[in-house]
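**Q** For reference, the sequence and a predicted model appear below.
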Number of protein chains: 2
Amino acid sequence: MNFMSNREKTSLPPATLLNPVPVVMVSCAGKNPQDSAQRPNIVTVAWTGTVNSEPPLVTISLRSSRHSHGIISATGEFVINLVGRSLIRSCDYCGVRSGRDEDKFAVCGLTPVAAEGLRYAPAILESPVNISCRVRTVSELGSHDLFLSEILAVSCRSSLIDAGGKIRLEKARLAAYCHGEYFQLGDLLGFFGFSVASPTAYARRMQGKSGRKKSRR
Amino acid sequence: MNFMSNREKTSLPPATLLNPVPVVMVSCAGKNPQDSAQRPNIVTVAWTGTVNSEPPLVTISLRSSRHSHGIISATGEFVINLVGRSLIRSCDYCGVRSGRDEDKFAVCGLTPVAAEGLRYAPAILESPVNISCRVRTVSELGSHDLFLSEILAVSCRSSLIDAGGKIRLEKARLAAYCHGEYFQLGDLLGFFGFSVASPTAYARRMQGKSGRKKSRR
């Protein structure tokens, strides 16, 4: 098929331009955490995503040179800790410093806590949501290794769960990563299915979203 | 190691709680696009991510029941189209309707255009950034199949490229998906490395970000 040309666009070399992406703090620890090389560590990861719903599977990609790469390869365990606005400075810091040189939990004033379903990797107490993961397979892709992993358990800050048992994740003020910068989530634009929802359903779902502007329908 | 308990958290069953995630419109077309079953189509995907930097690799996950799954499996090609605020309604629509039943390009008033480096799949003219992808491998994970894919080319709306050749992606007003809702990116919180940047570098990088509040350092 001869499509028309992509006018008003500029061609760029192939690059990792998918945006925005998540930015999360991945925590881990070795089998002998008294050894400073295996102490609880945090690495910041933007190359992560959900890849399957049933069973729930995620991936993280790590350069083999990263200190956490060795720890996670040895234990097959890690925790994905979601990052809200209040954690963004620690999140950035854990992406530029190495756990070989310092105890990032201590430097950032963060607290390693037991992660449900895991034996070695701790979760970060200060993160609103901790996702316990077990590695299934590791694939060498070039600059990064892909850890395809199963979600074993989730822990959510109790204050984010409303009286009806629904997770109110918008209260966590989560951040995303876009082309080298961190942004807080802003205006609510809609919900899954809003484009085909009845006016009544639309009004009900978009009501009561405090502190956010509604998009015009 | 005996970590302290994850107090103030509630345990939840394993679920796809990684948030926020990207939300993109994936475009494709069959080898015989005159056949209505192979016409240009769009499917909305949130299970996507960058998995490798060199070479640039991405994944998308699709249920095998999706119409686009068959098309992409046959051609090995698709385009990831980034989604700004103005596209969010079409983006949602393409996630709930099937290309088996209607021409989503036509219904949404979108324009299929040639995608650099690809033979069959079109890009969406109205999207600010088109990422041409070729499938390397497909893995069946359960509910979804994972398409590990190479980025062959990128096309960016020329108005997003500044005089110095830098992509100003913040002007695209991109959206993210978080726990069933679409959000526009909001406040700028920092840039990669801001936590260890000099005050001078910090001030320079955070200046001139029009329309966004700066986070306190």
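**A** Cool, got the structure. Source: prediction; values computed, not measured. Numbering: from 1, shown residues only, chains lettered A, B, ... in the order given.
**Q** how about the strands in chain A?
**A** Using DSSP state E, the strands of chain A run over residues A:9-12, A:21-22, A:24-28, A:41-45, A:48-52, A:57-62, A:77-81, A:112-114, A:122-124, A:129-140, A:145-157, A:175-178, A:181-191.
**Q** Just put the ones you listed in TSV and tack on mean neighbour count, distance to B:G190 and mean pLDDT.
**A** No exception for glycine: its C-beta is placed from N, CA and C like everyone else's. Listed next are these as TSV, based on neighbours: other Cβ atoms under 10 Å in any protein chain shown; distance: least, Cβ to Cβ, whole Å; pLDDT from 0 to 100:
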stretch	mean neighbour count	distance to B:G190	mean pLDDT
strand A:9-12	17	25	96
strand A:21-22	25	15	98
strand A:24-28	28	15	98
strand A:41-45	26	12	98
strand A:48-52	26	19	98
strand A:57-62	25	21	98
strand A:77-81	28	18	98
strand A:112-114	23	24	98
strand A:122-124	29	19	98
strand A:129-140	20	21	98
strand A:145-157	22	23	98
strand A:175-178	27	9	98
strand A:181-191	22	5	97
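**Q** Output these as TSV; include the columns distance to chain B.
**A** What follows is the strands of chain A, written out as TSV (distance: least, Cβ to the nearest Cβ, whole Å):
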stretch	distance to chain B
strand A:9-12	4
strand A:21-22	6
strand A:24-28	7
strand A:41-45	9
strand A:48-52	3
strand A:57-62	5
strand A:77-81	6
strand A:112-114	4
strand A:122-124	5
strand A:129-140	6
strand A:145-157	4
strand A:175-178	5
strand A:181-191	2
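**Q** Would you mind putting those into TSV with distance to B:S73 alongside?
**A** Conversion of these to TSV gives the following (distance: least, Cβ to Cβ, whole Å):
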stretch	distance to B:S73
strand A:9-12	27
strand A:21-22	25
strand A:24-28	31
strand A:41-45	29
strand A:48-52	17
strand A:57-62	20
strand A:77-81	30
strand A:112-114	43
strand A:122-124	38
strand A:129-140	20
strand A:145-157	20
strand A:175-178	30
strand A:181-191	30
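**Q** Not counting sequence-adjacent ones, nearest residue to the residue nearest the centre of chain A?
**A** Closest to where the C-alpha atoms of chain A average out (Cα atoms, centre = their mean) is A:V24, at 3.4 Å. In space, A:V24 comes closest to A:I80 once its chain neighbours are excluded; the distance is 5.0 Å by Cβ to Cβ, 6 or more residues apart in numbering or on different chains.
**Q** Quick check: A:Y182 touching A:V23?
**A** Yes: the pair A:Y182 and A:V23 qualifies as a contact (Cβ atoms under 8 Å) at a distance of 6.4 Å.
**Q** Mind listing the shared neighbours of these two?
**A** A:91, A:175-176 (Cβ atoms under 8 Å, 6 or more residues apart in numbering or on different chains).
**Q** okay, these in CSV with distance to A:C156 next?
**A** CSV is the format used below for these (distance: Cβ to Cβ, whole Å):
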residue, distance to A:C156
A:C91, 18
A:A175, 17
A:A176, 19
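**Q** Can you spell out the domain ranges of chain A, please?
**A** A:21-178, A:188-217 (automatic domain parsing).
**Q** which ones are touching the nearest residue to A:N6 once chain neighbours are set aside?
**A** Nearest residue to A:N6, sequence neighbours excluded (Cβ to Cβ, 6+ apart): B:V113, at 4.2 Å. Taking Cβ under 8 Å, 6+ apart, we find B:V113 in contact with A:3-7, B:122-125.
**Q** ok, now with 10 Å
**A** A:3-9, B:27, B:40, B:79, B:122-127, B:130, B:155 (Cβ atoms under 10 Å, 6 or more residues apart in numbering or on different chains).
**Q** distance between the ends of stretch A:153-166?
**A** By Cα to Cα, to the nearest Å, the extent of stretch A:153-166 from end to end equals 17 Å.
**Q** if we can go back for a sec, correct me, but the residue nearest to A:V24 touches A:T44?
**A** No: the criterion here is Cβ atoms under 10 Å, and A:I80 misses it with A:T44 at 11.1 Å.
**Q** Tell me how far the nearest residue to A:E181 once chain neighbours are set aside lies from B:G164.
**A** Closest residue to A:E181 in three dimensions, ignoring its sequence neighbours and counting by Cβ to Cβ, 6+ apart: B:F191, at 4.9 Å. As judged by Cβ to Cβ, to the nearest Å, B:F191 and B:G164 stand 16 Å apart.
**Q** what does A:K171 give?
**A** In terms of Cβ to Cβ, A:K171 sits 39 Å off from B:G164.
**Q** Identify the bridge partners of the residue nearest to A:N6.
**A** A:M4, B:A123 (DSSP bridges).
**Q** related to what we said a few turns ago, identify the residues contacting the residue nearest to the centre of chain A.
**A** By Cβ under 10 Å, 6+ apart, the residues touching A:V24 are A:43-46, A:48, A:58, A:60, A:79-83, A:87, A:91, A:127, A:129, A:131, A:174-175, A:177, B:18-19.
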